[in-house]
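A.B. asks: Pasting a predicted model and its sequence here:
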Amino acid sequence: MTADRTGPVVRTPHGAVRGRYEKGVAVFRGIPYAAPPVGPRRFRPPEPPEPWDGVRDAGAFGPTAPKPPYSEAFAQYLSDPEIAGDDCLNLNVWTPEPAPGAGLPVLVWLHGGALTRGSSAVAVYDGSTFARDGVVCVSINYRLGVEGYGLFPDAPPNPGLHDQLVALRWVHEAIGAFGGDPDRITLCGQSAGAISTGALLAAPQTSGLIRRAVLQSGPPEASDRDKVRRMVRRMASRLKIPATAEAFAAVDRDVLLRTQAEVGRLSSPVLGGPAFGIVVDGLLVPRDPLEALIDGDAAPGVELLMGWTRDEYRLWLVPGGLLEHVDRLGPVALAGAMARCRAGHEVPRGYRALNPGAGTAEIVGQMVTDHLLRVPLQRLADSRPGAAYLYEFAWPSGLPALGACHALELGFVFDSGEIPESKKLAGEGAPQELSDAMHAAWVRFAETGDPGWEAWDPSHPVRVFGEGDPYTAYGPRDAEFALWSTATTVPEPAPAADFRAPGAELAAAVRRLRRSVGARRR
């Protein structure tokens, strides 16, 4: 590392970059780790960037991946800056000591956003607080939506996941020059970023690259290929083009993004619907990531920190008034949730008994959250006793009806609760003591592999971050999880046209729910 009067200079594998000193740490933004995914590289795996001569300025965030904006209902809670430009495969580094040999732990952040939105430029993800506390923090951009996760007959699947793999390899090769230890990399993500973290943990190509991992509100999973294909085919139908990468590449990008947003309007964990996702591809994702990790076929010895928020579903249902709408739908919404989870009637009955007085939306939301998120994470923890730590975030937002919703913990993990972008979701008055405790746990995990409470064992310890001091609860959701271990699994809902097939009633309920919610959103 060298420095001049404008900032520190570090040499990367492709050329030197000049950063800035801010808040007492060095930050380098917008460093390319792969070539711009345009022209013949569009819809293809990433390629190395062109090396550069001289010193490249790394003072500003680089371009973000193409994405549609959030709807007005969600934009009031979530910030998602858009930075124009083709060179969107870039990353940022915050470090307390930009010099080789410091040997500091490294945290690599994968943002969420349903694989269709988000970026490393979101202000809540400011890595300076980790650098302040002795952890080198790296945040990356990767391709999103149809360009990152579309499934085509004439292009390889999962290019967005390949972007993340290439970025992780870049970190392993380059981070020593920024003061990081390439053998102490913690891969960390939230929501879609956590799902991506799980897929990378299970990928054979990451062996030796990841020492620890954090999965926040997202389990390792592979999406159904037909579900992803339906997303692409519906877009192709609206665009009146073949469902091929070649045809999609010829469409104006703004038109493509508008069409993607229209087709994905009803995609959510509660409502289901076609959506983009990581698929089994026989190469980077050779099998379902969760099953590979549970079987011990992948990431042996990698320590895990995993968890969820108490009211994940409220971010999915509160915007636009959908929470009250699902409550009014009553039995239709419950039938839709049963179809979504392929559960028999004993599951909602059990949730009713465990949550007397709860409305339909709460029953539906907690059922779907447990089925899709919490139960898989506990299964993974069960397979790694002594090497997994679980938490629940339970502090309620100061904004009406949000509770401890999806993504609310992010301002606490990054200790960025005082910035306006965090207050959009948390409201005023977020307790600094809770930020101090939660951020310190993540720092400690990156440093030592121990966040500060008991590792997972048969007593099922879960660290609860809520109002008051954090505490450890033992088996706080065991009763709900037990419902799934004994539940009857029903067949997949039948196609709409076949009303004689088993499960047609549930399929019809799901369709009525989606139509009703869609009308409300319009």
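C.D. replies: Arrived safely. Numbers count the residues shown, from 1 in each chain.
A.B. asks: in the stretch 1-150 of the chain, what spans have low per-residue confidence?
C.D. replies: For the stretch 1-150 of the chain, the stretches flagged by pLDDT under 70 are 1-5.
A.B. asks: residue boundaries of the strands in it?
C.D. replies: Here the stretch 1-150 of the chain has its strands, by DSSP state E, counting those that start in this stretch, at 2-4, 7-12, 15-18, 20-22, 25-32, 55-57, 90-95, 104-110, 136-140.
A.B. asks: For residue 272, which of those strands is the nearest?
C.D. replies: With Cβ to Cβ as the measure, strand 104-110 is the member of those nearest residue 272 (23.8 Å). Every C-beta, even on glycine, is put in place using the N, C-alpha and C of the backbone.
A.B. asks: angle of the strand ranked longest in the chain against strand 90-95?
C.D. replies: Criterion DSSP state E: the longest strand present in the chain is strand 180-190. Orientation note: strand 180-190 sits at an angle of 120 degrees relative to strand 90-95 (axes from the mean of the first three to the mean of the last three Cα atoms, to 10 degrees).
A.B. asks: From the contact counts, what lies against strand 180-190?
C.D. replies: Where contact means 3 or more Cβ pairs under 8 Å, 6 or more residues apart in numbering; DSSP states H and E, strand 180-190 is packed against strand 104-110, helix 159-174, helix 192-202, strand 212-216, helix 432-448.
A.B. asks: So what's the residue count around residue 469?
C.D. replies: Neighbour count of residue 469, defined by other Cβ atoms under 10 Å: 10.
A.B. asks: roughly how far apart are it and residue 434?
C.D. replies: Per Cβ to Cβ, to the nearest Å, residue 469 is found 9 Å from residue 434.
A.B. asks: Could you pull out the helices in the stretch 201-350 of the chain for me?
C.D. replies: Under the criterion DSSP state H, counting those that start in this stretch, the stretch 201-350 of the chain contains helices at 225-239, 245-249, 253-263, 289-294, 313-317, 322-329, 331-341, 346-354.
A.B. asks: For residue 424, find the nearest of the ones you listed.
C.D. replies: Closest among the helices of the stretch 201-350 of the chain, using Cβ to Cβ: helix 313-317, at 11.7 Å.
A.B. asks: Tell me how far the closest one lies from the chain's centre.
C.D. replies: 15 Å (Cα atoms, centre = their mean, to the nearest Å).
A.B. asks: List the contacts of it.
C.D. replies: Contact with helix 313-317 is made by 77, 268-270, 322-323, 326, 361-362, 364-366, 368-369, 401-408, 425, as judged by Cβ atoms under 8 Å, 6 or more residues apart in numbering.
A.B. asks: returning to that earlier point: ok, which of the strands of the stretch 1-150 of the chain comes nearest residue 301?
C.D. replies: With Cβ to Cβ as the measure, strand 104-110 is the member of the strands of the stretch 1-150 of the chain nearest residue 301 (16.5 Å).
A.B. asks: Sheet partners, orientation included, of that closest one?
C.D. replies: Applying DSSP bridges, strand 104-110 is found paired with strand 136-140 (parallel), strand 180-190 (parallel).
A.B. asks: give me the low-pLDDT residue ranges for the chain?
C.D. replies: 1-5, 266, 271, 487-522.
A.B. asks: so where does residue 463 fall, helix or strand?
C.D. replies: Assessed by DSSP states H and E, residue 463 sits inside strand 461-465.
A.B. asks: ranges for the strands of the stretch 351-500 of the chain?
C.D. replies: 388-393, 461-465, 471-474.
A.B. asks: Most tightly packed of these?
C.D. replies: Highest mean neighbour count of the strands of the stretch 351-500 of the chain: strand 388-393, a mean of 24 (counted as mean count of other Cβ atoms under 10 Å).
A.B. asks: Can you check what angle separates it from strand 461-465?
C.D. replies: Going by the same axes, to 10 degrees, strand 388-393 makes 30 degrees with strand 461-465.
A.B. asks: Measure how far strand 388-393 is from the centre of its chain, please.
C.D. replies: Here strand 388-393 shows a centroid-to-chain-centroid distance of 16 Å under the convention Cα atoms, centre = their mean.
A.B. asks: now stretch 338-349
C.D. replies: Worked out by Cα atoms, centre = their mean, stretch 338-349 lies 26 Å from the chain centre.
A.B. asks: Can you measure across that stretch, start residue to end residue?
C.D. replies: Stretch 338-349 has its terminal residues 11 Å apart, counting by Cα to Cα, to the nearest Å.
A.B. asks: residue contacts, residue 480?
C.D. replies: Counting by Cβ under 8 Å, 6+ apart, residue 480 makes contact with 350, 351, 354, 366, 370, 374.
A.B. asks: now with 10 Å?
C.D. replies: 347, 350, 351, 354, 355, 366, 367, 369, 370, 371, 374, 375 (Cβ atoms under 10 Å, 6 or more residues apart in numbering).
A.B. asks: likewise residue 27?
C.D. replies: 7-8, 19-21, 58-59, 92-95, 98, 126-128, 131, 137.
A.B. asks: Now, of these, which are buried?
C.D. replies: Buried subset of the contacts of residue 27 (neighbour count, 16 or more other Cβ atoms under 10 Å): 7-8, 19-20, 58, 92-95, 98, 126-128, 131, 137.
A.B. asks: Thanks a lot, see you next time.
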